[in-house]
Every structure is written in structure tokens, then in C-alpha cells.
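> predicted model, plus sequence, below.
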Amino acid sequence: MSKEKKESVIESSIKRKYKLQAKDVKVWYDDFMAIKGISMDIKPNKVTAFIGPSGCGKSTFLRLFNRMNDYVDGFKMDGEINIDDKNINDKDINVELLRKQVGMVFQKPNPFPKSIYENVAYGLKIQGLKDKKFLEERVESSLKRVALWDEVKDDLNKNALALSGGQQQRLCIARTLAVEPSIILMDEPTSALDPISTAKIEELIYKLKDKYTIVIVTHNMQQASRISDNTAFFYLGELIEYDKTNKIFTNPEKQQTENYITGRFG
Amino acid sequence: MNNIRKNRLKDQAFKIWGIFCTLLGLVLLAIFIGNIFVDGVMRIDWEFVTNLPSRHAEESGIYTALMGSIWVLLLTTLIALPVGIAAAIYLEEYSKKNKLATILEVNISNLAGVPSIIYGLLGLEVFVRIMEMGASVLAGSFTLALLILPIVIVSTREAIKAVPKSIRDASFAMGASKWQTVYHQLLPASFGGILTGIILALSRAVGETAPLIVIGALAYVPFAPSSPMDEFSVLPIQIFNWITRPQHGFVENAAAAIIILLLITFVMNGIAVYFRNKWQKKFK
């Protein structure tokens, strides 16, 4: 492995405080307007939760921050998404590098049909890192951070699909952590998991926020109130209310927010 | 008779008709194979496989035709495989889903339905004459490669499409480029399916006669080909040639050669089925 590459990986692991910003963002899928002009700032090193009924655009909005909507047919957007005051839709942005900075965890655990080791090392390998010792260390440290190491250390060569759902999701988080991103986007990461696995992942999110800026979409209101610092309520493609989680859940400004969190609709 | 009983009777009737239809093709095939078997199985021995063709039926063997078939099969694979897989990857992963893509798609499916003799004429004009390959193994292989290309493309696309979208998402979200995603995730995951399609396409190619006759493959070649530019024959042409002879000995030869040709295609299909089953398990 070249020295430069190794250093660039290590350098990115020195945490900076990244701030995310959306400026008057509108999104269309063909003729359907999914997001109708949203502006918001997301604070660094905090957990920000996106809540709202299904189809309100919160997942679409989340996926703007690592440009995962680029591959969706009929997708069109307007406005700006800035990370550290840099517009990530500019022509000079390398989308692969962007995604190394902005990791993502999906709703359904989606490990690659490869070994546990290969899953965690994938992000590093595609960056061209080949040094075996470095990879092994990084795999171990990543698995330790998601508290999976003790469960799998003896069969790192086992196919990841043989793990339980909760283990798979923690593996997916480890895979994301292995490339040392600064921001982690989570799209309903626990909706497919049992309560015990969910608790483990929530605990993990809580621990991770010292080092990472985390944005999490969730349908689970208790989850949002347990783990997030700030909460944004979306409804029909609009940002209705965005404030400290405490405030949103105890004393929301808007009637719609109150209706939603008290379960009157949604 | 009430309605329920009537319906049940209809149900039964259709079931029996269905069984009959299902068995129709199979029974006919079984009778045919049985017949061939009776005619030819005694004729098969090692000498039949290793002898050169001859005027005398009992001295004649399939060596040149078998070698010709193997040569054609290998070269066809070498040509059709990279081209077909690359085209499929492009269509499935890179091309925008617009009108042009739809037109391309429909036409590739149409190509699969073009009669093989048309491919023969195309091969004759393009490979034999314009590119001056002559009636060589290479010209035959290019022609057959064109013939099976649509099948390879369609089946490869199906195999790639069957890889769950979540795998693509995960790979892209890790910062992989399109090519890295294709190379590290999609191709390994769809390998079994791609292989199945290719083997099935090849087992069709190995039985093709018409296009090779058109480009000038010979019924009688004294020696097995030793280079891609040599003239050649293949098993189906040899069979066709023997059947047209009046002597009974040649009919036996033809039956024996048919058994060997069938064996080759059955083995190839068997391998394809094996890979398909193995591959299907992977995602369950």
C-alpha cells in the first residue's frame, strides 16, 4: 500500500466538526413533488431524528446527503445541500469520496453475501488498501465498536448472511465505521429488528455521537425521544417543525406535530 | 348434478388433459431416443470416436467432426462470453432507462428469434467473404457467437437483475464506483445465473447445423482442425451427411453420432441446472 493512501485514511479519522445544511431543497420524482422546499441546519456531533408518517419525504431527504438518489429514475432536485459550506452537488465533487465521508445504514440489514471479514474490509479494499495487518486491525476495531467482535471473532470467514438480523445490522454499522466517515445517515435502522437488538443499536448510536454527526430516520417515536438531541417533523414533503427533541415531545409549537406525536394521525 | 359436482368434474377433466399435454412431448422424445439407442448404441466404441471419416461405414468415425465441434464450442465461448456479458452489464447497470434503451432491449430480444440460417448468410457475407476468413473454424465460431449473443445477453441481464437492490445500495453507500460494484458484488453474486445462461446458449450452438452449412463447413474433412483458420466439420453436419447415404451402415453411424451429440448437450444442460440450483440457494 502506498504511504499516501494510508495517511489519507488516517487523516480522515481525525474528527472535524461537520455541519450539514439544506437550502430551499425541492425534489421531484418525475411529476410528483416529494420535497417542497426545505431548509435546515443539522448540528455536528449530535443525533438528529427525522420523524413523520410514511411517504412524507424524510427518507428521500436523508438520501440527499450522500446523493443516493442519483440512481433513482426520474429523480430531480433543486436547491443546495452543503456539507461544511461546500455544495455536494457541484460538478467538482467526487461522489465516491463524498460517500466515504458520509456513511449510510439501511432499513433492512444488507450485508454483502461474503464473509464477515470481507464485509467490514470492503470499504477499505475498494479504496485500494491492501496492507493485511492494517485491514485486520481495522476490521477488529470496527467490530469491537459495534460490540460484535466477541460474538464473531472465531468465525470471521463465515458468510455474513448466516448471522442473525440484529448481528447483521451491527455488522453493517461496523462496515460503515471501518472507512471512518464523519457523518452517518441511518434510514430506520431498527425497524426490521427485535426489541433486544434494537436496544443494542440504540446504545451504540448513543456512544457514537461523540465522534460522529448522526442523522436517523425513525418511525418509532420513543426511539427518537430516547436517542436524539434534535428532532425534525416532516409532513407531506415539508418540514413542519424542527427543534430540541425535548421541546418537540413535550411542548411542540405546531398543532400538526402534536397530533402526530400523540398518535392522533400517522 | 349440482354445480359443485360439475365444477369438480371439469377440474378433473382439465387435469387429465393437462397431464396428456405435458407427457406428449416427453413421450415422443423418449420413443425417438429409444429408437436411436437401439440403432446406434452397439456401434459406439472407442474406435468410432477416434476414427477419421471413411467411405466404408464400419471404418468410419466421428473424430474430425467431434474435434470440429469442440473447436467451434471453445472459440464461440471465447467470443460470445466477454461481448455478451459486457453488453448485459452496460444495459442493466449503465444505460439510462430511456427510449433508446427500450428500443435496444426490444431488438436484442428480437435477435434471439431470428432464424439461424439468416445468421449463416450474415456470417458468409461478413466473416467468410469481407473479412476473408474462408470456411474456417473461426468464421463458424463468429457466426455461432452472433447467434447465441442475444441469449447470453438476455440471460446475463436476468441474472444481474436478480441481485437484490440492497446489495447495490450498500456498495454505492460505501463509496464504491459503478465498476467496483459490478466487479466485486454483482458479478460474483450472479455468477451462477450467468454461467447457466451461457451453458444453455452453448448447448444450443453445439447442435446448430444450418448456419454452418451456409458458411461452407464441409461434410467431409480428412483431418481434425489444428488451427482456427482450418476448414472443419461438426457433429450435426456429419450426422446429416450420414443420414443421406443409402447404405445401412451409415444409418447406424448416424444413430451412434446422435447419441454422442445428445450426450454432450444433456451433460451441458445438467451442469447448467446444477449451477442454477447452487446459485439460487445463495440468496435464500
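Received, thanks.
> drop to CA atoms for contacts and neighbour counts, all remaining ones
Fine.
> pLDDT weak spots in the stretch 1-150 of chain B?
Residue ranges of the stretch 1-150 of chain B with pLDDT under 70: B:1.
> ok, now with 80
B:1-2, B:97 (pLDDT under 80).
> how about chain A?
A:1-18, A:264-266.
> what about the helices in the stretch 1-150 of chain B?
Counting by DSSP state H, counting those that start in this stretch, the stretch 1-150 of chain B has helices at residues B:3-40, B:46-50, B:63-89, B:99-111, B:116-123, B:137-161.
> and A:Ala174, which of these is closest to it?
Ranking those by proximity to A:Ala174 (Cα to Cα) places helix B:137-161 first, at 26.8 Å.
> pull out the buried positions in that closest one.
By 16 or more other Cα atoms under 10 Å in any protein chain shown, the buried positions in helix B:137-161 come out as B:137-160.
> in what helix or strand does the residue nearest to A:Val105 when sequence neighbours are not counted lie?
The shortest distance from A:Val105 to any non-neighbouring residue, by Cα to Cα, 6 or more residues apart in numbering or on different chains, is to A:Met186 (4.7 Å). Assigned by DSSP states H and E, A:Met186 belongs to strand A:183-187.
> residues from the stretch 101-250 of chain B in reach of chain A?
B:166-167, B:169-170, B:172-177, B:180, B:185, B:189 (Cα under 8 Å from any Cα of the partner chain).
> B:Thr76 versus the residue nearest to the spatial centre of chain B, what's the distance?
With the centre of chain B defined as its mean C-alpha position, the nearest residue by Cα atoms, centre = their mean is B:Arg204, 2.3 Å away. Using Cα to Cα, to the nearest Å, we find B:Arg204 at a distance of 12 Å from B:Thr76.
> same check on A:Leu135?
41 Å.
> the more surrounded of the two?
B:Thr76 (27 against 20; other Cα atoms under 10 Å in any protein chain shown).
> where does the stretch 151-284 of chain B dip in pLDDT?
For the stretch 151-284 of chain B, the stretches with pLDDT under 80 are B:218-220, B:279-284.
> change it to 50
B:284 (pLDDT under 50).
> residue ranges for the helices of it, please.
Using DSSP H, counting those that start in this stretch, helices in the stretch 151-284 of chain B cover B:165-173, B:178-181, B:187-205, B:210-215, B:235-243, B:248-282.
> buried stuff in the second one?
Along helix B:178-181, these residues count as buried under the neighbour rule (16+ other Cα under 10 Å): B:Thr181.
> bridging residues for A:Gly103?
A:Ile184 (DSSP bridges).
> contacting residues around it?
For A:Gly103, the contact set (Cα atoms under 8 Å, 6 or more residues apart in numbering or on different chains) comprises A:66, A:176-177, A:181-185, B:173-174.
> what is the most widely separated pair among the residues you listed?
A:Asn66 and A:Leu177 (15.3 Å).
> could you identify the most distant pair in the residues of the stretch 101-250 of chain B next to chain A?
Most distant of those, by Cα to Cα, are B:Gly175 and B:Ala189, 19.0 Å apart.
> which of those two has more neighbours?
Between B:Gly175 and B:Ala189, B:Gly175 has the larger neighbour count (other Cα under 10 Å), namely 27 against 24.
> how about that one, nearest residue that isn't a chain neighbour?
A:Glu96 (4.3 Å).
> most proximal residue of the stretch 51-200 of chain A with respect to chain B?
A:Glu96 (4.3 Å; Cα to the nearest Cα).
> so A:Leu161 is in contact with A:Pro113, correct?
Yes. Counting by Cα atoms under 8 Å, A:Leu161 touches A:Pro113, with 6.2 Å between them.
> reformat the helices of the stretch 1-150 of chain B as a markdown table; add distance to A:Tyr260.
Formatted as a markdown table, the helices of the stretch 1-150 of chain B follow (distance: least, Cα to Cα, whole Å):
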| stretch | distance to A:Tyr260 |
| --- | --- |
| helix B:3-40 | 52 |
| helix B:46-50 | 80 |
| helix B:63-89 | 45 |
| helix B:99-111 | 43 |
| helix B:116-123 | 65 |
| helix B:137-161 | 39 |
